[in-house]
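Trainee: I would like to see how this sequence folds:
(chains A and B)
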There are 2 protein chains.
Amino acid sequence: MKLKSVLLAVNLLADLFYVKAQSGTAGLLPVPSEIHWNNGKYPVTACFNLALKTEKYDSVLYAAANRFFQTLNRRTALYFNTEYITQAIKPDSANLVVMAHSLSVADVGLDESYRIEINSRGIRLDAQSTEGALHGLETILQLVYDDGGRFYLPYVTMVDTPRFAWRGMMIDVARHFIPVQVIKRNLDAMASVKMNVLHIHLSDDEGFRVESKRFPLLQANGSNGQYYSQAEIKDIISYARLRGIMVVPEFDMPGHTTSWLAAYPWLASAPGSYVPGPRFKNLKNTQNIGEIMKMINSTPTPTMDPTRDSTYILLDQFFDEMSLLFPSRYVHVGFDENNGIAWMNNPSIVSFMKKNGFADAHSLQGYFAGRVSELLAQHNKITIGWEEILTGNTSKNILVQVWNDGQSLKRASANGNKVIISKGFYLDQFMPAYVCYNNDIFSSLSIDQSARFVMGAEAAMWTEAADKSNIETRIWPRAAAIAERMWSPARIHDVEDLYRRLYIVNRQLDENGLDQLGSYERNLRRLTAGENISPLKMLTDVLTPVKGYKKLMARMAKPASYAYQTTPLIAVSDIVPVDSETKRAFRKLVEDYLNSRNAVSETGLIKQLTEWRDNAKDLQIYFDRSELISQIRQQSDHLHEAALIGLEAMDKNRSPNKPSQEWINEKMRRLDEFKKSVAETNLDIIPEIEGLVKQQLAAEPATYPPF
Amino acid sequence: MKLKSVLLAVNLLADLFYVKAQSGTAGLLPVPSEIHWNNGKYPVTACFNLALKTEKYDSVLYAAANRFFQTLNRRTALYFNTEYITQAIKPDSANLVVMAHSLSVADVGLDESYRIEINSRGIRLDAQSTEGALHGLETILQLVYDDGGRFYLPYVTMVDTPRFAWRGMMIDVARHFIPVQVIKRNLDAMASVKMNVLHIHLSDDEGFRVESKRFPLLQANGSNGQYYSQAEIKDIISYARLRGIMVVPEFDMPGHTTSWLAAYPWLASAPGSYVPGPRFKNLKNTQNIGEIMKMINSTPTPTMDPTRDSTYILLDQFFDEMSLLFPSRYVHVGFDENNGIAWMNNPSIVSFMKKNGFADAHSLQGYFAGRVSELLAQHNKITIGWEEILTGNTSKNILVQVWNDGQSLKRASANGNKVIISKGFYLDQFMPAYVCYNNDIFSSLSIDQSARFVMGAEAAMWTEAADKSNIETRIWPRAAAIAERMWSPARIHDVEDLYRRLYIVNRQLDENGLDQLGSYERNLRRLTAGENISPLKMLTDVLTPVKGYKKLMARMAKPASYAYQTTPLIAVSDIVPVDSETKRAFRKLVEDYLNSRNAVSETGLIKQLTEWRDNAKDLQIYFDRSELISQIRQQSDHLHEAALIGLEAMDKNRSPNKPSQEWINEKMRRLDEFKKSVAETNLDIIPEIEGLVKQQLAAEPATYPPF
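Mentor: Numbering: from 1, shown residues only, chains lettered A, B, ... in the order given. The predicted structure is shown next:
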């Protein structure tokens, strides 16, 4: 059988996985609060148009309506008769009428609810705010479906409102600088899954990424030339605002401040000349996590001095400038991972602590946090900090972002602080989408006293091992699973249905210009130096980066040149998606086959396994040509052998003589060996092959160890 | 035989086409003035570094050195021990030493020459100016080659200097707005082939694309919200400057000014309310070129009134603002395609002409041009205009851009005006790279008196049918062929060698982030709605858009909704590359086969033809699913049948009984039918199949008719 037909057949099987009738959750992500499907469908034709009905002219909504209209025009290829959506289109002649009762700007805590009614008379979207109307437009785009080359909207009545007010994405632009256009593409993607906060981590040890006109040394000495001008920041904010997204800046302090200290060494708790870069440069001799944690907790790190007035004078002026630049009511000031050693090593600071009765560094940090949040309050800003900002007497006005300690949610709420949850949502830990989706904290929230303190959550993308060339593949489509957890009712939790919708959305994001698929393929072309990527892609499509911090640890164990900010992120483990779409489709096939032994799944499985079996040979030539590809040679051998085992298992189970327990044990042992990582990648389809051997598919682990 | 092996084999054959030993022109594009290859090679290892030797600190060169270094690090995957190129690296310990004798900024007319010497002692790059050093760094990147997974630079002595001082690219951002990041990607690509001018067509009937703070109505009424802020313009200029590229703005006048008149109707020669958009909206009833030209020449179009003082007062203030924004010494003011009808219809203008002795509209245009260039001279700017700016008494200081009339080069030079040539370099005419490369004007220049007036040339990308989603595929890699024509000595003209190098560069541009391949594949994914693109791509890889203005005419013949600025450019003819790489590789195979009948070319041909023959069946399902794909169904049938004919021809010619003349005639007739366009696409491999039938490959036409 020819390979192309095989591919096509498998894709057709995949279609069974993706396409679902206009019922259930359809292609909706996040799933709305309430959906009532009705019988019938409303055709979308070249005459399609829409009108807005607002009390005042809403420029944000008109811009969104035009984006909606052009996306729909592209997706349906109907070549709409209308060119632009303007006030000239009147509601009584429009197919879609959008009402927004009040004009709003990007902020959290707005009434974001909306209602959609589609019937033979047309489509009606009612929202309380501009933001609600934006969300409703995204929902309508997700409702459009193709039936034999014609496009329809199903008759439906839908009421939708978010579970949480704060639905954010944190992007670390300090460890690797992320250019404006990549931020914009992420904003587009965020809007399409109804996220409403971009938290931008603008400063850290590795870089100070925003232009200060008052303190230009910050970007001059702290950025290696890579920072956003104030014009670019305004551009990002305005782009976000048009999509209902608030931009919250983070200036991490008192630790994580090497880049500040490179500009103003007198801010530091220890004398020295500071150069932007990672705090810990000497981890490369160990991969022992105990030793590393010990070193992290015992090494002095660049830290601001909170005992001198000059520190507060500078911060006051800095906040004054940044408060005008960033219109958001919130400013994040970090306060994470300060081990206090730099303070305790400074006699003047120790004497300050003694004099003022601070028993330990954490109390001093509390004092610093208090003064910083007072400064911000004077600029009408609410302070956010990572969970370490909490001390015994933290002001209740401070928002606490939970990321690490399982108890910090309870501690914050006991103290009366509102909370944003990022624990379990760290995208750089490379957990599959379903793990983020099933985030423990959220499952327990409904019975938790602290729930009423939870404002919302944030996906967090730290960039030790991500840059502009791979960050979109790292974030998407997984962040959409988190977006659903933040928006949809807690009862929505079907993982298989999530994945079905996730890959529908993934394609729409690709169509809209997100580069999560494009950069993966570009990176594959780079690896093959222009040679046909198909054989390599067949393998890499089922490889995922090692989970947890294993990749980071491996990177640190190598020579420094593997952990520079300029290090090319081009190894296979850098470029492959975190969730393998092929694995999800394969898992579904195995499940169907084991449940029902139907011919479709059987044929599909045999085709897929045969392809994998035969691919190893085609890949040989690539290994000789590229060092980076040769690093995964063993994975190719493993995939080949795993496919053989899968085929043999199917063969044996079709025959009257079922496989012996010995055979099963032997193959399970062998498959277990294929679970070990190779060049920081995992072969992601082993549990499914095991399922074929044991004729039973094991449940997936709820989570994975971080190390 | 399995298809994947087939693909791989064909790619290996292709490699024979691309990879060339370090001799001849290697991977160099543009080809340098003088190359002397020496025996030996210099290894590039993880220890590789470079040092700059300049009299003053040259920030542009340091930025370029770091880009060079990171590109090399990525391409070789060596994980260089050095992180950044700084002054800390001393020449005597560096592998590569770059000397630039004078610090320069992006401008034309600099000494851009450089010299490269590579031997066992290292690599030495000497340049007169910063720009020369930038060019030399690009050349060194093109010299690096992979030999069995190790990287080397060949021993070489090279002296290089450009043939022309002005090597530009004109991008029309008015008809479709092109976002900053797309402009930046083009600037990166331009720099890599040593182009040094970005001519940005900022205003036209369809849009006014730059923020004026003095005349904000220009962008408010003239842009549909799509324009560059002044901060973005500064960003583009600074990005270009770091790459040795000067940015020249064009504000087209007195015609092509609907977007100006939308803001200031009193500037117009005829009363009316003006809305940005194409001048001609009523072409859709005819595709007869005679009728269309007649209408174009007889219809009044929106035109500035050159007889009123108020016009010059506004222009003076406008130029004052723009002269500060754009540091280039040049400002382009258009002056193209003004048919003068609007003037002749206005009694007040006619009476002005009479009073001042202007015999016709063209003389009046000469007067306007004179006054405009005087205004610009007061702002220390040199005026550029399209060839219609020439009248009997045009100032010699005006630069004339030749684009249409075969005589205008002679007329300009006879008048003593310097010239930029764009005739033959219009990328939107979809001529293959070799046609641009063999541009007639350039071949005759060496014997032409007017040659000494030629400052250089520009590739021109008009955007009636291009937007951000396809413009890179339109421009690249073809523009690199034009870049070579502008840089390299006239004696460099081997088309086959050009294509070999063009596709090497194409892959490097892709690696560096240009989206010419990425957007093509994204657009294919959009067409297949997520289905495997391979069968579709096999067909579209040999389809090219119809040449000349046929596509534009076809577009105009359709309903208005196919020619809006918001029209999705998603049809196959919108998204396929203009030069088919597959066709070039196939042509090379046919040529080799006909010349030598060697087994490699024979096997390669049979494989390729078999793939094409079998692909039609695999594509069936796509036609049923997508209207846009079904438009090219006939091309699929034609490719299938052409492949069958090719296979039959090879078969017959292998057997003792050679094909009869009747058979040849019949097949040639049939193949001729396959040359007609389908949905504005051409099947690009027909001449090669004809070559197999006739056992003789016909030369390619020197050019194609524009209509």
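Trainee: Figure out the length between the terminal residues of stretch A:78-95.
Mentor: For stretch A:78-95, the first-to-last residue distance is 15 Å (Cα to Cα, to the nearest Å).
Trainee: same check, this time on stretch A:162-180
Mentor: 28 Å.
Trainee: Next to chain B, which bits of the stretch 351-500 of chain A? Give me the list.
Mentor: When proximity is defined as Cβ under 8 Å from any Cβ of the partner chain, the stretch 351-500 of chain A approaches chain B at residue A:469. Every C-beta, even on glycine, is put in place using the N, C-alpha and C of the backbone.
Trainee: Would you mind confirming that residue A:251 is in contact with residue A:203?
Mentor: Yes - between residue A:251 and residue A:203 there is a contact under Cβ atoms under 8 Å: 5.0 Å.
Trainee: more neighbours, those two?
Mentor: residue A:203 (28 against 24; other Cβ atoms under 10 Å in any protein chain shown).
Trainee: can I assume that one sits in a helix?
Mentor: No - under DSSP: H, G, I helix; E, B strand; the rest coil, residue A:203 falls outside any helix and is assigned strand.
Trainee: show me what contacts it?
Mentor: A:174, A:209-210, A:222, A:250-252, A:256-257, A:259-260 (Cβ atoms under 8 Å, 6 or more residues apart in numbering or on different chains).
Trainee: switch the cut-off to 7 Å
Mentor: For residue A:203, the contact set (Cβ atoms under 7 Å, 6 or more residues apart in numbering or on different chains) comprises A:174, A:209, A:251-252, A:259-260.
Trainee: for residue A:639, same thing?
Mentor: So residue A:639 contacts A:539, A:542, A:612, A:616, A:683 (Cβ under 7 Å, 6+ apart).
Trainee: Excluding sequence neighbours, find me the nearest residue to the third one.
Mentor: So the one you mean is residue A:612. Spatially, and ignoring its direct neighbours in sequence, residue A:612 is nearest to residue A:643 (3.8 Å; Cβ to Cβ, 6 or more residues apart in numbering or on different chains).
Trainee: any low-confidence regions in chain A?
Mentor: A:1-22, A:282-287 (pLDDT under 70).
Trainee: roughly how far apart are residue A:383 and residue A:396?
Mentor: Computed with Cβ to Cβ, to the nearest Å, the distance linking residue A:383 and residue A:396 is 11 Å.
Trainee: neighbour-wise, which of those two wins?
Mentor: Ranked by neighbour count (other Cβ under 10 Å), residue A:383 and residue A:396 place residue A:383 first, with 24 against 10.
Trainee: Was I right to think that one contacts residue A:398?
Mentor: Yes - using Cβ atoms under 7 Å, residue A:383 is in contact with residue A:398, at 4.8 Å.
Trainee: which neighbours do the two share?
Mentor: Here residue A:383 and residue A:398 share the contacting residues residue A:373, scored by Cβ under 7 Å, 6+ apart.
Trainee: For residue A:520, see how far away residue A:691 is.
Mentor: 27 Å.
Trainee: One more: residue A:79?
Mentor: Distance from residue A:79 to residue A:520, by Cβ to Cβ: 31 Å.
Trainee: With residue A:305 instead?
Mentor: Distance from residue A:305 to residue A:520, by Cβ to Cβ: 45 Å.
Trainee: Quickly find the element holding the residue lying closest to residue A:100 once chain neighbours are set aside.
Mentor: Closest residue in space to residue A:100, ignoring its immediate chain neighbours: residue A:133 at 4.2 Å, by Cβ to Cβ, 6+ apart. In this assignment (DSSP states H and E), residue A:133 forms part of helix A:130-143.
Trainee: now the helix or strand encompassing residue A:151, how far from the centre of its chain.
Mentor: Per DSSP H and E, residue A:151 falls inside strand A:150-160. Remark: strand A:150-160 is offset 28 Å from the chain centroid, using Cα atoms, centre = their mean, to the nearest Å.
Trainee: And for stretch A:660-676?
Mentor: For stretch A:660-676, the distance to the chain centre is 35 Å (Cα atoms, centre = their mean).
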